[in-house]
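Student: Just the structure for this:
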Amino acid sequence: MRVALAMACVACSAWAHDAVAEEPAHDPMPSAEQRSLTSSQAGISTGKIGQRLPDQSVAGIRKHIDEVFARNKGALHALYERALHDNPRLQGQVSADIDISADGTVSRCSITKSDLQAPELEQKLCARIRLIRFGVFDNPQSVKKSFDFFPAT
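Tutor: Numbers count the residues shown, from 1 in each chain. Have a look, this model is predicted:
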């Protein structure tokens, strides 16, 4: 694929053309690993898409889910930080019940307890949690997760 860059000089109404660059050909369909890397760079996916979690024990699943939430903690706290601009005294703990399908997608997120008293933020937190991908489990999973939101001091 050839790409030519052109730039107009506003002051003199002239066109300057940069050298034509040759881009490497891209595969039309990236591999699962490439899709995973792209998604995880966006902060959504956590592992190889469609890959089964190797340790399906209760402890292994719990550890994996905790690691996934740890990797997505920044995105959740970014929502909180934005809400702090509107209400600087916003702080507290939020508890959520989360159902994860066997394919690793979040099928349900509901806030069960919140000290924040900020329904819009709580909805945004659940919407962001629904974007997380956990990998493939043998069975659907239900977890209760608590998040602490306190302003940085």
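
Student: Not counting sequence-adjacent ones, nearest residue to residue 104?
Tutor: Spatial nearest neighbour of residue 104, chain neighbours left out: residue 134 (4.1 Å); criterion: CB to CB, 6 or more residues apart in numbering. For the C-beta atoms, the positions are set from N, CA and C on the backbone; glycine is no exception.

Student: Tell me the pLDDT of that neighbour.
Tutor: Looking at residue 134, its pLDDT stands at 94.

Student: by contact count, what packs against the lengthiest helix in the chain?
Tutor: Longest helix in the chain, counting residues (DSSP state H): helix 58-86. Helices and strands touching helix 58-86, by 3 or more CB pairs under 8 Å, 6 or more residues apart in numbering; DSSP states H and E, are helix 119-130, strand 141-149.

Student: average pLDDT across that helix?
Tutor: So the average pLDDT for helix 58-86 ends up being 95.

Student: want to try CSV for the helices and strands packed on helix 58-86, with mean neighbour count and mean pLDDT as columns?
Tutor: Shown next, in CSV, are the helices and strands packed on helix 58-86 (neighbours: other CB atoms under 10 Å; pLDDT from 0 to 100):
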stretch, mean neighbour count, mean pLDDT
helix 119-130, 16, 97
strand 141-149, 15, 96
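
Student: So which of those is nearest residue 112?
Tutor: Residue 112 lies closest to strand 141-149 among the helices and strands packed on helix 58-86, at 7.4 Å (CB to CB).

Student: Parallel or antiparallel, which strands does the closest one pair with?
Tutor: Strand 141-149 has the following strand partners under DSSP bridges: strand 92-100 (antiparallel).

Student: before we move on, the earlier item: go through the longest helix of the chain and flag the buried ones.
Tutor: 61, 64, 65, 68, 69, 72, 75, 76, 79, 80, 83, 84 (16 or more other CB atoms under 10 Å).

Student: Looks like the second one contacts residue 135 (just checking).
Tutor: Yes: the pair residue 64 and residue 135 qualifies as a contact (CB atoms under 8 Å) at a distance of 7.1 Å.

Student: Quickly list what's touching both of these two.
Tutor: Counting by CB atoms under 8 Å, 6 or more residues apart in numbering, the residues touching both residue 64 and residue 135 are residue 53.

Student: Identify the farthest-apart pair in the buried residues of helix 58-86.
Tutor: For the buried residues of helix 58-86, and using CB to CB, no pair is farther apart than 61 and 84, which are 33.2 Å apart.
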